[in-house]
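Asker: Give me a 3D structure for the following:
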Amino acid sequence: RRWTSTRSDPPTLPACRPCLTLMRDFIARAGGAVRSRVALLLGLALLAVLPAWSQDLQPIPALTAHVIDQTDTLNAAQRQALESKLTVFEQKRGAQIVVLVVASTLPEDIAAFAQRVGDNWKIGRKNIGDGLLLVVAKNDRKVRIETTKALEGALPDLAAREIIDSAITPRFRQGDYLPCRSVGACSRACSGASWARQPPAARWVCWRGSSPAAC
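Answerer: Prediction:
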């Protein structure tokens, strides 16, 4: 849910090298029939993943506003009202909330897409990292709330899920895609953080993996 890099990296080639060596030795000792079957299975596995590899990822839009609607779901008045609300909140509290509405995140799931957007945009204040990203994938019927490090205590996973289940999903089912209630709930959560009254500063994200000196 956060783009503060808590997920573990996939195994690197050196870490997998013993497994590859064992597999190579097994195939070398096996008979011709076994080698043929192994080659056939590997070929089928490659064919299965090629379609996913061939799909391009959704491009990340430029961060130009607090509300970025690529589906034209919100009309101009709705978009401006929400933009003004988030701008005033940022000016008063310093924390930055951004809403992104896209048609679909495929071939990625919404979690991977939101992580990639957060890594690219780096919303939040320098030395604080108080950014919140609300992603709506309209055609996929998916919603995701991503936060930076400083918001972990103010908006834990359970609270984010409650906002989605109680303030977002019911209205979306009714065709109401204006996320005012959810943004209001996120704003209140941000306001409850200990740093909420600090003045705005330069935009940056204090990554979880950074050293204390860097943050």
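Asker: ok, the nearest residue to Gln58 once chain neighbours are set aside - contacts?
Answerer: Nearest residue to Gln58, sequence neighbours excluded (Cβ to Cβ, 6 or more residues apart in numbering): Thr105, at 5.8 Å. (Glycine included, C-beta is placed from N, CA and C.) Contacts here follow Cβ atoms under 8 Å, 6 or more residues apart in numbering; on that basis Thr105 touches Gln58, Ala112, Phe113, Ala114, Val135, Ala137, Asp140, Lys142.
Asker: so how far is Asp119 from His66?
Answerer: 19 Å (Cβ to Cβ, to the nearest Å).
Asker: who's more crowded, the two?
Answerer: Per other Cβ atoms under 10 Å, whichever of His66 and Asp119 has more neighbours is His66, with 21 against 15.
Asker: mind checking how far Ile97 is from Leu57?
Answerer: Ile97 is 24 Å from Leu57, by Cβ to Cβ.
Asker: ditto for Val143
Answerer: With the distance defined as Cβ to Cβ, Val143 ends up 20 Å from Leu57.
Asker: Have a look at the two and say which one is more surrounded.
Answerer: Val143 (21 against 12).
Asker: sec struct for the more buried one, please.
Answerer: strand (DSSP: H, G, I helix; E, B strand; the rest coil).
Asker: bridging residues for it?
Answerer: When assigned by DSSP bridges, Val143 has beta-bridge partners Val136.
Asker: contacting residues for it?
Answerer: Ile110, Leu134, Val135, Val136, Ala137, Ile164, Ile168, Thr169, Phe172.
Asker: again, but for Ala137
Answerer: Counted by Cβ under 8 Å, 6+ apart, Ala137 has contacts Val102, Ala103, Ser104, Thr105, Ile110, Phe113, Val143, Arg144.
Asker: who wins for neighbours among those residues?
Answerer: Busiest of the contacts of Ala137 [other Cβ under 10 Å] is Phe113, holding 25 neighbours.
Asker: Double-check that Leu134 belongs to a helix.
Answerer: No: applying three-state DSSP, one finds Leu134 to be strand, outside a helix.
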